[in-house]
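Engineer: Give me the fold of what follows.
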Amino acid sequence: MNDSGHEHSRSIKAELKRYKHDSGTNQKVHEEFRSLQVVRCVLDVLDSGERSDTMELLEGYGHCLKDSQPSWLLADIKENHNREKGNDITGLHDNVIESVGDITVLKDDIKESPDDIIESPDDITATKNVISNPTTKCYVDLISKLVRFADLPTINMNDDEAYMEEAFVDYPQKASVAMDIITSIVSAILRSSLSLEVHWRKEFMNTIVTDCVILSAAHAEKYQWSNKTTIKHSQGLLEVICQACSCNSIHELLSGSAYTTDIETETVFEKGIFDKILTKLRSKLTRDTWKMEPRSRHVFKWCMSKVKHPNLGDYLDKVLPPSLLFVDDYQVQNKILGVQCLHHIILNVDPTELKWYGRAMVIYEAIQKQIYSQEVQLLDLLYPCLIDLLKVIERSPRKADQPRKTTRYDDLLQITLDNMAFEQKIVLRRVYSKHLHLFVGEMGITIVRHYKKLLQVIVNYLEEYDGPDEMARLQTLNVLSVVTMETWPRISHHIDMLLKSLLRLMCEITADRSTSPEKVKQKLMEGAVNCLILLRRCCPDHVDKALNDVLIVIDNDTVIKSIRTVLNDKQSVVKVS
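Structural biologist: Residues are numbered from 1 along each chain as shown. Model (predicted):
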């Protein structure tokens, strides 16, 4: 760079610094410098590495872009683009008129084969790589370097401190500035006539979109390196990226559009960019590297969660290995991430595809051993995932056209009941009782194989107070109602035990002087009454006799009123001999 260039660079940097503190009133940058000069100056700043004033300059440039008009920002790109279009047309014109003989031959060829028509100037423009344009390339380089500027550092796999927010204290600000600048550039393109140049827009977006979506996905949710500001900038960048790619949603951008319209309005990526993102992340999600890249696994999970059935099946071989790696890790947050990824795969890939080559069994072996975990958040995600996976692997226990043999449903339920029976921690009792009904709902009448232990667990859980919100007991009442409806032919053998438990619960609720809110007590009473009604429909004579005997000796008005509600239930009953 000559002395004049250095002087220009210093002047631009000085104005950008001033712009940070004087945005909206300082128009000197727009009046004295071309946008390309400013871009090259910013590129020099990014190339020079970390400087004390880097953030100040970038923030000033961000303010400058917000105050600028697309005519200033894109003037150099449009000028070069129009010049190239003119050269293409001139070159075509010269080739056509070069020889009258050639024209004659061309006419004869067209007569013989009408489909072989000479390319139009637009077709020539489409085949030309617009990124070879030095002006456009400057903007592409700027976006690429901004993404790298906002990237997280590679970390030591054994460095637990790297997972703390303090380890990423500088990165939210870097990411906010980078996404703000990129959003301004893409927004300017959308507001200018370049947005109508479909082929140019396709080439430009094809070059930058993968990096931009990865950057946005890294800040789409709350992580150690993100905050409310970066989440807001991420949403803004994703919106303009979708607009520039003619997509209605991030799902369409990642998965592609099932149809296209005329060439002037077709989506930029008909097949989506999810494959591009997976290719970009592949080297960062191997067995040896994935823990060094704290951002990549969350980007992977976020992007995959936006790809639904039937599109996700096309990428099964690429999304399954990283998900299994996460589950197999010793850190709970990674196990949780893996279960979330695998559950999404189970729900959005055809069961037939999952069973090919034993993939479903590989997933089952990876996650079923997590059932012994003591981590509440992990178990809360694990049980729905396991139940949905068993629907793929196992024949439904409800089908009675063949002998109903024991299945993995029985194995997992037995383990769960054993865990519940000996569990003393309230938080774990709540998560077990929350998901127990899933087994009952799927297994139907076959749940009687575990009847004795199941009912004993229900009775024990109804006896134990578990805090003001009474979540465990409310959920256990729900389990009992489902069990009663599914196993009504066998309920009469255990009716006395269940009646005693429910009546004891009702008396305890009305005599309770604890901190439980009245609404919670009311819900418990309603749940108990509902269970009594269901039991009465199964064994009306026995329940009526037992409740009438209770009415003689009890003096609790609330309980008496509830019992009369049960006895006055007029719906038809199922008599069990």
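Engineer: after the helix or strand of the chain with the lowest mean pLDDT comes which helix or strand?
Structural biologist: Least confident element among the helices and strands of the chain, by mean pLDDT, DSSP states H and E: helix 121-127 (a mean of 40). Downstream of helix 121-127, the next assigned helix or strand under DSSP states H and E is helix 134-149.
Engineer: how about the helices in the stretch 201-350 of the chain?
Structural biologist: All helices of the stretch 201-350 of the chain, identified by DSSP state H, counting those that start in this stretch, fall at 228-244, 250-255, 274-281, 294-305, 316-327, 332-348.
Engineer: should've said the stretch 451-577 of the chain
Structural biologist: 451-463, 471-486, 495-511, 518-538, 540-553, 557-567.
Engineer: most neighbours per residue, which of those helices?
Structural biologist: Comparing the helices of the stretch 451-577 of the chain by mean neighbour count (mean count of other CB atoms under 10 Å), helix 471-486 ranks first with a mean of 22. Every residue, glycine included, has its C-beta placed from N, CA and C.
Engineer: Pull up the gap between Val440 and Leu455, please.
Structural biologist: According to CB to CB, to the nearest Å, Val440 stands 12 Å off from Leu455.
Engineer: what sits in contact with each of these two?
Structural biologist: Here Val440 and Leu455 have Val483 as joint contacts, going by CB atoms under 8 Å, 6 or more residues apart in numbering.
Engineer: circling back to that earlier point, can the helices of the stretch 451-577 of the chain go into TSV with extra columns for mean pLDDT and distance to Ser249?
Structural biologist: As requested, the helices of the stretch 451-577 of the chain are arranged in TSV below (pLDDT from 0 to 100; distance: least, CB to CB, whole Å):
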stretch	mean pLDDT	distance to Ser249
helix 451-463	95	43
helix 471-486	95	36
helix 495-511	92	48
helix 518-538	94	39
helix 540-553	92	54
helix 557-567	92	49
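Engineer: what would those look like in JSON lines with distance to Tyr383?
Structural biologist: As requested, those are exported to JSON lines (distance: least, CB to CB, whole Å):
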{"stretch": "helix 451-463", "distance to Tyr383": "15"}
{"stretch": "helix 471-486", "distance to Tyr383": "12"}
{"stretch": "helix 495-511", "distance to Tyr383": "24"}
{"stretch": "helix 518-538", "distance to Tyr383": "21"}
{"stretch": "helix 540-553", "distance to Tyr383": "32"}
{"stretch": "helix 557-567", "distance to Tyr383": "32"}
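Engineer: between the ones you listed, which gets nearest to Thr136?
Structural biologist: Nearest of the helices of the stretch 451-577 of the chain to Thr136, taken as CB to CB: helix 471-486 at 58.6 Å.
Engineer: Show residues contacting the closest one.
Structural biologist: Helix 471-486 is contacted from outside by 426, 429-430, 433-434, 436-437, 440-441, 443-445, 447, 454-455, 458, 461-462, 464-466, 491, 498, 505, 520, 523-524, 527-528, 530-531, 534-535, 538, using CB under 8 Å, 6+ apart.
Engineer: With only the CA atoms kept, save it in PDB.
Structural biologist: Extracted C-alpha coordinates of helix 471-486, given in PDB (Å, rounded to 0.1, in the frame of the first residue of the first chain):
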ATOM      1  CA  MET A 471     -46.500 -33.200  41.800                       C
ATOM      2  CA  ALA A 472     -45.700 -36.800  42.500                       C
ATOM      3  CA  ARG A 473     -49.000 -37.600  44.100                       C
ATOM      4  CA  LEU A 474     -51.000 -35.700  41.400                       C
ATOM      5  CA  GLN A 475     -49.100 -37.700  38.700                       C
ATOM      6  CA  THR A 476     -49.500 -41.000  40.600                       C
ATOM      7  CA  LEU A 477     -53.300 -40.400  40.700                       C
ATOM      8  CA  ASN A 478     -53.200 -40.000  36.900                       C
ATOM      9  CA  VAL A 479     -51.200 -43.300  36.700                       C
ATOM     10  CA  LEU A 480     -53.800 -45.000  38.800                       C
ATOM     11  CA  SER A 481     -56.700 -43.800  36.600                       C
ATOM     12  CA  VAL A 482     -55.000 -45.100  33.500                       C
ATOM     13  CA  VAL A 483     -54.200 -48.400  35.200                       C
ATOM     14  CA  THR A 484     -57.800 -48.800  36.300                       C
ATOM     15  CA  MET A 485     -59.100 -48.200  32.700                       C
ATOM     16  CA  GLU A 486     -56.500 -50.500  31.100                       C
END
